[in-house]
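What follows is a predicted protein model with its sequence.
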Amino acid sequence: MNRIFILAFVLFATLFAVNAAPLELVKRETKFPPCPNAPPDVVGLDVKMTPDPFVPGKEETFDIKGTLKKDIVAGDLLGLGFIDLVAEAPIGDPLVVDICTLPGVTCPIKAGTAFSTTQQLTAPAASDLPKSYAIIIAMEHGTPPDVEALACSAAIFGADSDSSAVPDFWSFL
């Protein structure tokens, strides 16, 4: 009878020890879905950010890939920036570059051809980040006021991505 109690005690102790052990933490990768309210021909981009999550005030590396529905030609722009969703204004200086001047890019890039680039941007300091903001990566053709959106993806923080507070992303480039 004592052996049964000892065995039961050991089994319960083992069960409690296994349940009390910390679970493996799963790293949450920042998602960059297509921009809300984007025109129908605008595609989402596959964006990977390093480090993820970003470190305020430190340089971030963005690997950007996508296959566009329209040709990329000289003068088309790639924009990357942090946006305050309440003030509807950039936080710091966004990066805006001519896609065809990027190293390793040969223009024109025909529609349906894969495109990729790696860009770096310093994240704003923690004190500069509002409660709701977004990291936006967008590609566009033309110059204001005749701008045509090509691609857009955004990671939204502190706000519902379906919220009416999400601004028109094209006005930031």
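All right, it came through fine. Numbering: from 1, shown residues only.

these two touch, right, residue 38 and residue 154?
No. With contact defined as Cβ atoms under 8 Å, residue 38 does not count as touching residue 154 (9.4 Å). Placement of C-beta: from N, CA and C, glycine included.

Which one's more surrounded, those two?
With other Cβ atoms under 10 Å as the criterion, residue 38 and residue 154 differ in neighbour count, and residue 154 comes out ahead with 25 against 19.

Next, the distance between the ends of stretch 62-77.
With Cα to Cα, to the nearest Å applied, stretch 62-77 spans 16 Å between its terminal residues.

Okay, now the unreliable bits of the chain?
Applying pLDDT under 70 to the chain flags residues 1-3, 5-27, 144, 159-173.

so residue 129 sits right up against residue 56, yeah?
Yes. Counting by Cβ under 8 Å, residue 129 sits close enough to residue 56 to count as a contact (6.4 Å).

out of the two, which sits in the busier spot?
For residue 129 and residue 56, the more surrounded residue by other Cβ under 10 Å is residue 129, and the numbers stand at 17 against 14.

Distance of that one relative to residue 86?
12 Å (Cβ to Cβ, to the nearest Å).
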